[in-house]
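Trainee: Sequence unavailable; structure follows:
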Ligand code: NCD
């Protein structure tokens, strides 16, 4: 199962990144496509079957999983709004859902809101183990906890652009915005424990902090929490922007224009950053990014990053489920 970034130590990540590069290099050839199509087959030669259950909205994650499964010759069914359109709406718990679906498919890819049930992803994986179900669970985002496959594509993007400094732990990172609720930041910090970093700035409002479980988990990283982005902007090698996740707070003092001004890619920010820096964003963006930012400044690589999602998820699924 893939529930946490902790399931993906550096050695495994590097295998996935090498596989990603390999797939990228032959994806645009007839032979390459044909050979990938044979990847997800069972012992009878039938396509492997996946269920995607999404409690929360998604564009990039859901599509890239679907496209990756299709490219590898597998099949899938997707339930969007799973909290409303499955028996979850009648109060069914994730354990019961997993017990039924787990017998009937090879993988279940879940994005959960953790609203009616905490740690739903872990409960689902534990259920598979307890009942010896053949299916594997993949976390496609669980509430404000973690998003390990987004971490993979983020790390893969940095790995391909700044390999040497990344692997030698020599980069200065700035994680900007909603530190408390960004599950992608949480999984990225766990991954950076393995890679190391020169410095990690967490740049957000004073009352916007990492959740307690992550503070303990990341205590050995060179983390500094600060409130003013412009103060450290010139030091950053990698800037990681996030939108403010208002859906996770009932009352928010952040009006989006204020947030964009403090934690956005303003002209002032852009003007004082390193020429060699790169800026990532898991998307979707709010006002912290203006449209076409990547056309104005090629250091904003969120579209390359999002494209990597397809290839990285293909590599991951191939390695987790592939015939070889
Ligand atoms: C993120 C998510 O869902 O956690 N998006 C994504 O998967 N690419 C970020 C967000 O929702 O802001």
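Mentor: Yes, it's here. Being a predicted model, the structure only gives us computed values, none of them experimental.

Trainee: Quick check: residues of the stretch 51-200 of the chain near the ligand?
Mentor: Within the stretch 51-200 of the chain, the positions near the ligand by CB under 6 Å from any ligand atom are 60-61, 141, 147, 150, 183-184. (Glycine included, C-beta is placed from N, CA and C.)

Trainee: try 8 Å
Mentor: The stretch 51-200 of the chain has residues 56, 58-61, 111, 140-141, 147, 150, 178, 182-184 near the ligand, with proximity defined as CB under 8 Å from any ligand atom.

Trainee: contacts for the helix-or-strand element of the chain with minimal mean pLDDT?
Mentor: Least confident helix or strand of the chain, by mean pLDDT, DSSP states H and E, is helix 82-85 with a mean of 86. Residues outside helix 82-85 that contact it (CB atoms under 8 Å, 6 or more residues apart in numbering) are 53-55, 79, 88-89, 113, 115-116.

Trainee: do that again at 10 Å, thanks
Mentor: 51-56, 79, 88-89, 97, 110-113, 115-116 (CB atoms under 10 Å, 6 or more residues apart in numbering).

Trainee: Just to be sure, which of these are found in strands?
Mentor: 51-54, 79, 110-112 (DSSP state E).

Trainee: one step back: show the buried residues in the contacts of helix 82-85.
Mentor: Buried by 16 or more other CB atoms under 10 Å: 51-56, 79, 88, 97, 110-113, out of those.

Trainee: Run the chain-centre distance for the least confident helix or strand of the chain.
Mentor: Remark: helix 82-85 is offset 22 Å from the chain centroid, using CA atoms, centre = their mean, to the nearest Å.

Trainee: With adjacent residues omitted, what lies nearest to the residue of the stretch 201-324 of the chain found nearest the ligand?
Mentor: The ligand sits closest to residue 282 of the stretch 201-324 of the chain, with a gap of 4.0 Å, by CB to the nearest ligand atom. Spatial nearest neighbour of residue 282, excluding adjacent residues (CB to CB, 6 or more residues apart in numbering): residue 184 at 4.4 Å.
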